[in-house]
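sequence? don't have it. structure:
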């Protein structure tokens with residue numbers, strides 16, 4: 001179901017989602033969510049979802065770091081990548097475009113829609129489609145804020161999520177590396193996406 005079919009929201013499907021007031025955003029989200037208290041199932045455009053605090057994901061990451069060390073980064077990355085590829089439908093519906101090939105403009109609207117769910121405010125920076133290189137900046141990453149101070153970037157789940165979305169966009173696997181992180185004291189988290197290195 002596209003946003004245009006939702007009668008509970010008066011927001012134009014093509015409106016700039018980052019320009020919504022908090023009250024408008026609340027109405028927009030209310031139109032997308034269907035809670036069923038009897039079954040305990042919450043749906044976002046017909047897809048089951050849950051509302052969790054960022055600390056839940058960060059606690060999983062920190063426990064993995066304690067248990068398996070550096071491999072935790074790869075596990076969190078792959079989980080984010082898979083979540084992005086499998087969870088693209090609700091974000092596409094929320095962005096107002098739930099059919100057809102994913103375009104750069106649609107990806108931007110999906111990123112804007114994710115900000116409504118508390119994933120931080122993301123902006124696509126450098127875009128070089130010929131070299132398949134993109135830069136994504138996220139202000140207020142919930143992962144970095146929940147993690148706390150770190151010498152290294154910590155938003156592995158978000159890096160994987162960005163890689164998964166980029167794969168849908170360009171039709172092949174890209175690598176995403178977080179090169180700056182709010183947990184390091186930076187203003188925002190910055191992710192570079194580029195083609196996978198040759199084996």
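Thanks, I have it. In this text the structure is predicted, and so the values were computed from the model without any measurement.

bridging residues for residue 123?
Going by DSSP bridges, residue 123 is paired in beta bridges with residue 137.

and if you look at the one 5 residues further on?
With DSSP bridges as the criterion, the beta-bridge partners of residue 128 are residue 133.

After the lowest-mean-pLDDT helix or strand in the chain, which helix or strand is next?
Least confident helix or strand, the chain: helix 88-94 with a mean of 61, by mean pLDDT, DSSP states H and E. Moving toward the C-terminus from helix 88-94, the next helix or strand (DSSP states H and E) is helix 104-115.

what ranges do the helices span in this structure?
Here the chain has its helices, by DSSP state H, at 22-32, 54-68, 71-86, 88-94, 104-115, 142-147, 156-170.

Can you lay out the ones you listed as JSON lines showing mean neighbour count and distance to residue 39?
Any C-beta I mention is one placed from the backbone N, CA and C, and that applies to glycine too. Listed next are the helices of the chain as JSON lines, based on neighbours: other CB atoms under 10 Å; distance: least, CB to CB, whole Å:
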{"stretch": "helix 22-32", "mean neighbour count": "15", "distance to residue 39": "18"}
{"stretch": "helix 54-68", "mean neighbour count": "15", "distance to residue 39": "22"}
{"stretch": "helix 71-86", "mean neighbour count": "18", "distance to residue 39": "22"}
{"stretch": "helix 88-94", "mean neighbour count": "21", "distance to residue 39": "18"}
{"stretch": "helix 104-115", "mean neighbour count": "20", "distance to residue 39": "25"}
{"stretch": "helix 142-147", "mean neighbour count": "22", "distance to residue 39": "28"}
{"stretch": "helix 156-170", "mean neighbour count": "24", "distance to residue 39": "28"}
